[in-house]
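A.B. asks: based on what follows, work out the 3D shape:
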Amino acid sequence: MRKDPAGAIICTGCHRKTLPKEPCWACRKIVIPAARTEEGAWCTRCRQHHLAEPCSRCGLTKPVGLRREDGRPVCRACYQHVHPRPLRQCVDCGDARPASRISEDGPLCEKCDNRRAPTILCPQCGQNRKVGILSTGVCRACARQATPRQTCVNCGLLRLAVYRDEKGQPWCDGCRRADQAQSCTGCGRRTVVTARDERGPWCDRCWQIVRPGPTCRDCGSRPSAPVTSDGTPRCVPCYSAAVVPCARCGTPARAERRWPEGPVCLACVDAVRLTHQDCHRCGRLGGVFHREANGPLCPECAGVTFSYRCPTCAAMGRLIQGQCPPCRARLVLTEAFTDADGRQDTRLVPLAELLEHYDNPYSMILYLRRPGGQLIRDMVRGTLPCTHEALDALRQTTSVQHLRGLLVLAEILEPREEQLAQLKRDFDIILGEVSSVADRTILARYARWHLMPLAHQRLDQTGFSRYQREHLRRQLGAARVLLGHIRSRGRTLDSVTQHLVDRWLIANPTHQYYARPFLLWAATSELAPADVAIATSSRNGERSIMNDTDRVLTALKLETDHSLPLADRVAGCLVLQYGQSTDRIVKLTLAQIHIHPDEPGVLGLQLGREPLWLRPRLSALLQQLTHERRPLAAALKDQETPYLFPGLRPSSPLSSNTLQRRLQRLGIPSANKARNGAWLALVGAVHWKMLADLLGAADGTAHHWHKWNGGDRASYVASRLRAAQAPTGPE
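C.D. replies: Numbering: from 1, shown residues only. The predicted structure follows:
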């Protein structure tokens, strides 16, 4: 207790409110000084972190509770563990625990004391939470968002400082958790410690199962959390998932918010956040919290303290960490491209401008939180050079490939034939696994003078795809395995025998198709005996077909069902009606589309020598697809692409495997079965030569389909006639 200047007795809390506030020199927060040093005023939290030392008992850096006789520090938690406070029976939970406060009813433990503490309706997030700053009345989560960020000394990112080491350097929460993590007694995971008992430390997930307390009335398997307003003890998951009647609409649902009127469902919360009208009292545009006879009321005029307004742009709606999605996305983008000194890398400015074109702010925030955003931060900090070579040294994940495509599109990196460059990288990896110098020399010659010319030839003809790269990589891999087997038997390639190769093929039958070209090249180059060879493996095509009735009905559904994705409908019709493979469909471009000279509403595809004129309904779908096609990447939706089925980037088409999986969801069990059924139906109605010219197939392929359909009946009749005219006895 203290006395004010007038002589009145006031409590310590009221006295502190009269003291002047100053900025803490460490965290820059405006607070009442707890101590003063040469540097300036200290707040209570920074003073505790600054005076913290490694505990001699647990090893954690914490404020010193006391010192032993030899001067070694002991934290408060360890001191209380060794010298616990006297246990008293809590009047609420009935457990014998150290008393946190002596209330009018009796002693209360710390958790029951917090449970009895009144909660507030935060004016920023609109949730019932415990107060974080008494002067403003905001909850702890919103108070943390308002705290200025500092550069973490461990990761170098601009984060909220929750811990300071012995040198006074700030640490973010993630680095602090990783540095002070311990093994949980229950699950064994190394994570932050939530509680300790006589068995050891516990993580939050395990502690929710083993901690003392009354059992949850809903699930009966976990201890209960704070008792709800209806007096039912529930655990945290059951409390969050409890289905209660909404205080507004009365619908039983999960409570998204708990307003003064009671629990409110998500639909009613969104009705306030997203339904904007002019308030009849203040005239400001805002969410409709309540309606009177004269008109709608905004939350401010309705007398509530929350409004779901963004403090940056004053827009009303859903908030992400206290801001609307566009403002939060701009803030996250700025932080990602800013280094520890607060400067922005000028080289990556085009990439930042490209990412601003995300049509959905949630997508950009999610991308910058994932590995792609971490790679960008590494480039901004300088730990990852912005070059093709640096990206090639990483594991070639989807994030790395996507970031490379964005850098090329932003003209930061030079464009290159990506599949050809990845093939060279694959060859280097395979050659690095060979220990013998002689074998490595042979494989290097095989890769350079045989496989690489094949890759360049296919690149000049039809383009070098990912599947062709995988095929050549498997050929070099099979050659490496064969040479290793020959070396392990004490022989070399020039002295290999047919018996040794056959024994290897019995143990490795899957390598037969890929090892045969290597042995042929080695024999041609006089590196292996000419009489040693690998036979051609039999590779029969898929002969099963899709039923004509199912095929026709599925094609009709794709033409008429507008709820299905447009690109999948067009691709499915081309497979079911014209027997096109998914590899050819994904490579279709705008240059292959023609307009009928006599019928403007009919479109055609240049698949072979002659244009294939499509049916009217399929022509309408194709015309719509040419206007609505977009790359799959969110940042590249507005980029022009020549492909009818673009992939992640405008310069690459959709993967054929991806298209096959999407067609399976539409009711097409297999693209090969659908193609076989379409070809058998077409060769029965149209001459095979005309089909070859229209569908872009080889004459031999079309003729084979003609024979499999029984079209070559004249030869069968002639053979039967010759058999009947043949003499049966001696002349």
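A.B. asks: helices of the stretch 251-400 of the chain, start to end?
C.D. replies: Ranges of helices within the stretch 251-400 of the chain are 266-274, 325-336, 349-355, 361-369, 371-381, 388-392, 398-409, based on DSSP state H, counting those that start in this stretch.
A.B. asks: same check on the stretch 601-731 of the chain?
C.D. replies: Listed from the start of the chain, the stretch 601-731 of the chain has helices (DSSP H, counting those that start in this stretch) covering 616-628, 656-664, 671-683, 688-695, 699-708, 713-725.
A.B. asks: on that earlier part again, so which of the helices of the stretch 251-400 of the chain comes closest to Cys184?
C.D. replies: Nearest of these to Cys184, taken as C-beta to C-beta: helix 361-369 at 25.6 Å. From N, CA and C alone the C-beta is placed, and that goes for glycine too.
A.B. asks: tell me what angle the closest one forms with helix 371-381.
C.D. replies: In terms of direction (axes from the mean of the first three to the mean of the last three C-alpha atoms, to 10 degrees), helix 361-369 departs from helix 371-381 by 60 degrees.
A.B. asks: can you check what angle separates helix 361-369 from helix 325-336?
C.D. replies: Inter-element angle recorded for helix 361-369 and helix 325-336: 20 degrees (by the same axes, to 10 degrees).
A.B. asks: mean neighbour count and distance to Leu431 added to the helices of the stretch 251-400 of the chain, as a markdown table?
C.D. replies: Below are the helices of the stretch 251-400 of the chain laid out as a markdown table (neighbours: other C-beta atoms under 10 Å; distance: least, C-beta to C-beta, whole Å):
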| stretch | mean neighbour count | distance to Leu431 |
| --- | --- | --- |
| helix 266-274 | 17 | 58 |
| helix 325-336 | 18 | 37 |
| helix 349-355 | 17 | 34 |
| helix 361-369 | 18 | 35 |
| helix 371-381 | 19 | 27 |
| helix 388-392 | 14 | 15 |
| helix 398-409 | 19 | 22 |
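A.B. asks: and the gap between the nearest residue to Leu319 once chain neighbours are set aside and Ala271?
C.D. replies: Among residues not flanking Leu319 along the chain, Tyr308 sits closest, at 6.1 Å (C-beta to C-beta, 6 or more residues apart in numbering). Noted for Tyr308: a distance of 12 Å to Ala271, by C-beta to C-beta, to the nearest Å.
A.B. asks: if I look at the nearest residue to Thr151 once chain neighbours are set aside, how far off is Asn709?
C.D. replies: The shortest distance from Thr151 to any non-neighbouring residue, by C-beta to C-beta, 6+ apart, is to Ala340 (5.0 Å). Applying C-beta to C-beta, the value for Ala340 to Asn709 is 71 Å.
A.B. asks: about what we covered before: got the helices of the stretch 251-400 of the chain as a markdown table, with mean pLDDT and distance to Arg487 columns?
C.D. replies: Converted to a markdown table, those look like this (pLDDT from 0 to 100; distance: least, C-beta to C-beta, whole Å):
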| stretch | mean pLDDT | distance to Arg487 |
| --- | --- | --- |
| helix 266-274 | 82 | 66 |
| helix 325-336 | 88 | 50 |
| helix 349-355 | 87 | 48 |
| helix 361-369 | 86 | 47 |
| helix 371-381 | 89 | 39 |
| helix 388-392 | 91 | 29 |
| helix 398-409 | 87 | 34 |
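A.B. asks: nearest to Pro170, out of these?
C.D. replies: Using C-beta to C-beta, these put helix 325-336 closest to Pro170, at 15.8 Å.
A.B. asks: by contact count, what packs against the closest one?
C.D. replies: With contacts taken as 3 or more C-beta pairs under 8 Å, 6 or more residues apart in numbering; DSSP states H and E, helix 325-336 sits against helix 361-369, helix 371-381.
A.B. asks: got the contact list for it?
C.D. replies: By C-beta atoms under 8 Å, 6 or more residues apart in numbering, the surrounding residues in contact with helix 325-336 are 157-158, 310, 312-313, 315, 317-318, 320-321, 323, 344, 352, 355-356, 358, 361-362, 364-365, 368, 373, 376-377, 380.
A.B. asks: one more time with 7 Å
C.D. replies: Helix 325-336 has contacts (C-beta atoms under 7 Å, 6 or more residues apart in numbering) with 158, 310, 312-313, 320-321, 323, 352, 355-356, 361-362, 364-365, 368, 373, 376-377.
A.B. asks: and that helix, C-alpha only, in PDB?
C.D. replies: Output of helix 325-336 as PDB, limited to C-alpha atoms (Å, rounded to 0.1, in the frame of the first residue of the first chain):
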ATOM      1  CA  PRO A 325      -5.600 -11.200 -46.200                       C
ATOM      2  CA  PRO A 326      -4.400  -8.600 -48.800                       C
ATOM      3  CA  CYS A 327      -2.600  -6.500 -46.200                       C
ATOM      4  CA  ARG A 328      -1.200  -9.600 -44.500                       C
ATOM      5  CA  ALA A 329       0.000 -11.000 -47.800                       C
ATOM      6  CA  ARG A 330       1.800  -7.700 -48.600                       C
ATOM      7  CA  LEU A 331       3.500  -7.700 -45.200                       C
ATOM      8  CA  VAL A 332       4.600 -11.300 -45.500                       C
ATOM      9  CA  LEU A 333       6.000 -10.600 -49.000                       C
ATOM     10  CA  THR A 334       7.900  -7.600 -47.800                       C
ATOM     11  CA  GLU A 335       9.400  -9.600 -44.900                       C
ATOM     12  CA  ALA A 336      10.400 -12.400 -47.200                       C
END
